[in-house]
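*Asks:* take a look and give me a structure for this.
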Amino acid sequence: MTVSNVINDHPNVRPATREKVLEAMARLDYRVNVAARNLRKGRTGVIGLAVPEVGSAYYGRLAAGIIAAAERRNLRVSIEQTASRENELDALSLSRNHQYDGLILSAAGLSQADAERLKVDHPVVVLGDRIFGGPVDHVAMPNLEAARAATGHLIERGCRRVAILCGALEEVDTSSLRLTGYRQALEAAGLPADPGLIQQVDRLGMRDGAERAREMTASGLDFDGVFCVTDALAMGVLRGLADAGIGVPDQVKVIGFDNVPESEFLVPSLSTIDPDHDGMAERAVDLLIGRIEQTEPEPGPEHQDFVGGFSVVIRESTGGPR
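*Replies:* Predicted coordinates for the structure are as follows:
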């Protein structure tokens, strides 16, 4: 019992006794049997993480943050790729079969209409922008605020014809939220919102960004700044503008969103929004653990909605330092 009290950091252990136990543990190279402890609690010590695309730089960084946060709490993470709404629903319904203690779901295909499907018999935390108002804990990007800041940065740098590259606009998703932030920045600066500067693409990737940048310049569209809702789009835009002979940042300034590692090493290096990935990962894991450890028969606290922080990273593509 004394050893157990020391391991579990019980306050009613004399300092001298605690020191003797810790010395004995170090001498014997004693390690807590986490598997046995979890079995006694009826848990596996494993949480699930379901993401749309494991090969994506953004989701790779997200997964790394969640794995690190889980390891600090003596948990392991099992990752699965969803890629569709149907697979996201399967991840929700089959998590118990995979013997996860709980699931962190990065929802890209689900919508508010699927909210009732989130009511499963195991803990779930949703990452992303599609589910609002419950019924589970939700961790979201600072889409509105960060998009407003990104567009505002271009305006501060002298841009007056700022285009936005985004995806198809749905009821509540990444593109629609970031478009709202873009419009708010234009309004705050007293600039007109030209519908022709809202450029929608099928996929938020480099190829689509490059192709659209070439089309924009070939069509004679007047623009001196581009806010891309992902860094992948922005990388493509840099290539498309270079192919068209457009100088960045002298003629057109470009800013992305996500601060993926590659953005720092482009020529020119890419200005971008850096969301607090690690902070969001920490909060998602903490929320899930809270639900896992909620053992009372009565309903627990109401679901929580958390919006992460961000910073604007200024690099060469908007005239920042070399």
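*Asks:* let me know the helix or strand that the residue nearest to residue 143 when sequence neighbours are not counted is in.
*Replies:* Spatial nearest neighbour of residue 143, chain neighbours left out: residue 177 (3.7 Å); criterion: CB to CB, 6 or more residues apart in numbering. The C-beta positions use only the backbone N, C-alpha and C, and glycine is treated the same way. Per DSSP states H and E, residue 177 falls inside helix 174-188.
*Asks:* check which residues of that helix are buried.
*Replies:* Buried positions in helix 174-188, judged by neighbour count with 16 or more other CB atoms under 10 Å: 174, 175, 176, 177, 178, 179, 181, 182, 183, 184, 185, 186.
*Asks:* buried ones in stretch 253-263, by neighbour count?
*Replies:* 253, 254, 255, 256, 257, 258, 259, 260, 263.
*Asks:* secondary structure class for the nearest residue to the fifth one once chain neighbours are set aside?
*Replies:* When the adjacent residues along the chain are set aside, residue 257 lies closest to residue 273, with 4.4 Å between them (CB to CB, 6+ apart). In terms of secondary structure, residue 273 is strand; the call rests on DSSP: H, G, I helix; E, B strand; the rest coil.
*Asks:* ok, residue 273 touching residue 312?
*Replies:* Yes - between residue 273 and residue 312 there is a contact under CB atoms under 8 Å: 6.2 Å.
*Asks:* what sits against residue 92?
*Replies:* 103, 105, 117, 118, 120, 124 (CB atoms under 8 Å, 6 or more residues apart in numbering).
*Asks:* and these, which of them are in strands?
*Replies:* 103, 105, 124 (DSSP state E).
*Asks:* of all the residues you listed, which comes closest to residue 111?
*Replies:* residue 105 (13.5 Å; CB to CB).
*Asks:* what's the neighbour count on the closest one?
*Replies:* Look at residue 105: counted by other CB atoms under 10 Å, it has 26 neighbours.
*Asks:* over to residue 125?
*Replies:* Neighbour number of residue 125 under other CB under 10 Å is 27.
*Asks:* who's it bridged to?
*Replies:* residue 104, residue 137 (DSSP bridges).
*Asks:* then residue 227?
*Replies:* residue 164, residue 255.
*Asks:* returning to what we had before: which one of the contacts of residue 92 is nearest residue 244?
*Replies:* residue 105 (40.4 Å).
*Asks:* you'd agree that closest one is up against residue 50?
*Replies:* Yes - counting by CB under 8 Å, residue 50 is a contact partner of residue 105 at 4.9 Å.
*Asks:* quick one: low-confidence ranges for the protein?
*Replies:* 8-9, 31-42, 95-98, 130-133, 170-172, 295-301 (pLDDT under 70).
*Asks:* what segments of it are strands?
*Replies:* 46-51, 76-81, 103-106, 124-127, 137-140, 162-166, 198-200, 225-228, 253-257, 271-275, 305-307, 310-313.
*Asks:* now the terminal residues of stretch 256-267, how far apart.
*Replies:* End-to-end distance for stretch 256-267: 14 Å, by CA to CA, to the nearest Å.
*Asks:* typo on my end, it should be stretch 152-161
*Replies:* For stretch 152-161, the first-to-last residue distance is 12 Å (CA to CA).
*Asks:* contacts for it, please.
*Replies:* Residues contacting stretch 152-161 (CB under 8 Å, 6+ apart): 162, 185-186, 188-189, 191, 194, 197, 222-227, 249, 253, 255, 271, 312, 314, 318-319.
*Asks:* check the contacts of residue 92 and tell me the two furthest apart.
*Replies:* Using CB to CB, the pair of the contacts of residue 92 lying farthest apart is 103 and 117, separated by 12.8 Å.
*Asks:* helices or strands next to the helix holding residue 177 in the packing?
*Replies:* Applying 3 or more CB pairs under 8 Å, 6 or more residues apart in numbering; DSSP states H and E, we find helix 174-188 packed against helix 143-156, strand 162-166.
*Asks:* gap between the last one and the chain center?
*Replies:* Looking back up the chat, that one is strand 162-166. Averaging C-alpha positions (CA atoms, centre = their mean, to the nearest Å) puts strand 162-166 21 Å from its chain's average.
*Asks:* with stretch 272-285 instead?
*Replies:* Centre-to-centre, stretch 272-285 and its host chain are 6 Å apart (CA atoms, centre = their mean).
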